[in-house]
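Trainee: Provided below are the primary sequence and the corresponding predicted coordinates.
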Amino acid sequence: SFSETQNTCRLRNAQRFLFSDSEIHNFAMTNKIVKIGRMVGKATVAAKVAAEALAAGEVIAVPTDTIYGIAALVQNKKAVEKLYTIKKRNPSKPIAICVAEIEEIYNWADVTVAREVIEDLLPGQVTLVFRRSDLLNNNFNPDTELVGVRIPDYPFLREVCSMSSGPLALTSANYSADTSTLQVEEFATLHDSLQSLSC
């Protein structure tokens, strides 16, 4: 692992980022993959950078508790459209949302099960499906009244969610219908389409 100071230095020297459990690698000119590790304290700088990119309407790549994903802010129509474009996904196919805490689910969905049931399942590798709330962006998954909700069992991603202004649209880091990815290199074709930062 490396210190928060080293993280900050590397982040300032990079203009593009992916967030990875693996070592930092150059993948194109000024593009960087940032090692975040699994310790939340060490990942705070990277999480802040990710949240700032999301707030600016960008799409980021992040590790999750299952596979690599790409994410954008649900409430930002243009960011969600960008996510669909990058993934080459049919706009009629819904995407799940990702939040940091169970309390947040009640803002975005009409929860129909006891809280204890949710607590047994989340955080975890489960997507719960409920009727969407009126607060959810009308342009997000417009062809369905339902919404899938996740709280990943992954501290870094939950930290990014907690620093963001709303839920994340989270989907796998691959072209639609392609195999899901477990390594950063496996979705190299998406790298140049992902978010750009000046730090």
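Mentor: All right, it came through fine. Note that the coordinates shown come from a computational prediction; the quantities given were computed from them, not determined experimentally.

Trainee: tell me the SS of the residue nearest to the spatial centre of the chain?
Mentor: Centre of the chain computed as the mean C-alpha position; nearest residue by C-alpha atoms, centre = their mean is residue 71, 3.5 Å away. With DSSP: H, G, I helix; E, B strand; the rest coil as the basis, residue 71 sits in strand.

Trainee: excluding chain neighbours, what is closest to it?
Mentor: Leaving out its chain neighbours, the residue that sits closest to residue 71 by C-beta to C-beta, 6 or more residues apart in numbering is residue 168, at 4.4 Å. No exception for glycine: its C-beta is placed from N, CA and C like everyone else's.

Trainee: in which helix or strand would I find residue 54?
Mentor: Element membership for residue 54 (DSSP states H and E) is helix 40-55.

Trainee: follow-up on the earlier one: quick check: phi and psi at the residue nearest to residue 71.
Mentor: phi -100, psi 140 (degrees, to the nearest 10).

Trainee: contacting residues around it?
Mentor: For residue 168, the contact set (C-beta atoms under 8 Å, 6 or more residues apart in numbering) comprises 54, 71, 72, 73, 74, 97, 98, 99, 160, 161.

Trainee: neighbours of the fifth one, how many?
Mentor: Yep, that's residue 74 we're talking about. Other residues lying near residue 74 total 28 when counted by other C-beta atoms under 10 Å.

Trainee: same question for the fourth one.
Mentor: Burial measure for residue 73: 26 neighbouring residues, criterion other C-beta under 10 Å.

Trainee: and what of the first one?
Mentor: Residue 54 is flanked by 25 other residues according to other C-beta under 10 Å.
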